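**Student:** could you work out the structure for the sequence below:
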Amino acid sequence: MSVATALEIGERYRRLRDEVGSAVTVVVATKYVSLEDMAVLDDAGVEVVGENRAQDLLAKHARFADRFRWHFIGHLQSNKVKVVNDVCELVHSLSSDSAARRLAIPALLEVNLAGEATKSGVEPVEIAGYLERYPFIRGLMTMPPLADDPEVSRPYFRRLRELASEHGLSELSMGTSQDYRVAVEEEATYVRVGEALFSP
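**Tutor:** Okay, here's the model as predicted:
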């Protein structure tokens, strides 16, 4: 993907941060950002990046280790946990016991509220068991079904907020470029954005 200039991204990033407020961490999704273009994000003042693939995470971290705070936002396979432990400060997408048993950093538990077989995540009834077994879980994450209208996401974000409240959790990772405004209204503490910064 061809990334906009550092000046353009920096301006969009500042606007987005002002819009969501200081209580929300903007995690810039770097799945489609090349190794070379990571330098553009650094020049633009981006602070927190979220990577989807452990292999890309390793390569990008090797070159830009101390330039960003690193989060993992992709599907976490148990055989990739060591990489994530070594590099990241937070995992947004914990969804299996096999990965959790190997994890040594804080995590958010991914909850599948859409009931889609193609999506990762635990069922809501499983949350309590995960919290009992893994005290490093600090909050919840979800991915609503893809939709053109951001309002379609609202019931999923609201339900995640309710579940977090029921279990005494305060951290919520929800909302992407298409629906982050709705997520913030529903009390997200992390939004994961890419296109909102990179698109022409």
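
**Student:** I'd like the next helix or strand past whatever helix or strand Arg138 lives in.
**Tutor:** Secondary structure assigned from DSSP states H and E places Arg138 in strand 137-141. Note on strand 137-141: by DSSP H and E, the next helix or strand toward the C-terminus is helix 154-166.

**Student:** the helix or strand that that following helix is followed by packs against which elements?
**Tutor:** Read in the C-terminal direction, the helix or strand following helix 154-166 is strand 171-173, with elements assigned using DSSP H and E. The elements that strand 171-173 packs onto, with contact taken as 3 or more CB pairs under 8 Å, 6 or more residues apart in numbering; DSSP states H and E, are strand 107-110, strand 137-141, helix 154-166, strand 190-193. C-betas here are computed from N, CA, C, even on glycine.

**Student:** how many other residues sit next to Thr5?
**Tutor:** 11 (other CB atoms under 10 Å).

**Student:** any idea whether the nearest residue to it once chain neighbours are set aside is helix, strand or coil?
**Tutor:** Spatial nearest neighbour of Thr5, excluding adjacent residues (CB to CB, 6 or more residues apart in numbering): Val40 at 7.1 Å. The three-state assignment at Val40 reads helix, by DSSP: H, G, I helix; E, B strand; the rest coil.

**Student:** go on, Ala4?
**Tutor:** Secondary structure, three-state DSSP: Ala4 is coil.

**Student:** good, we can wrap up now.
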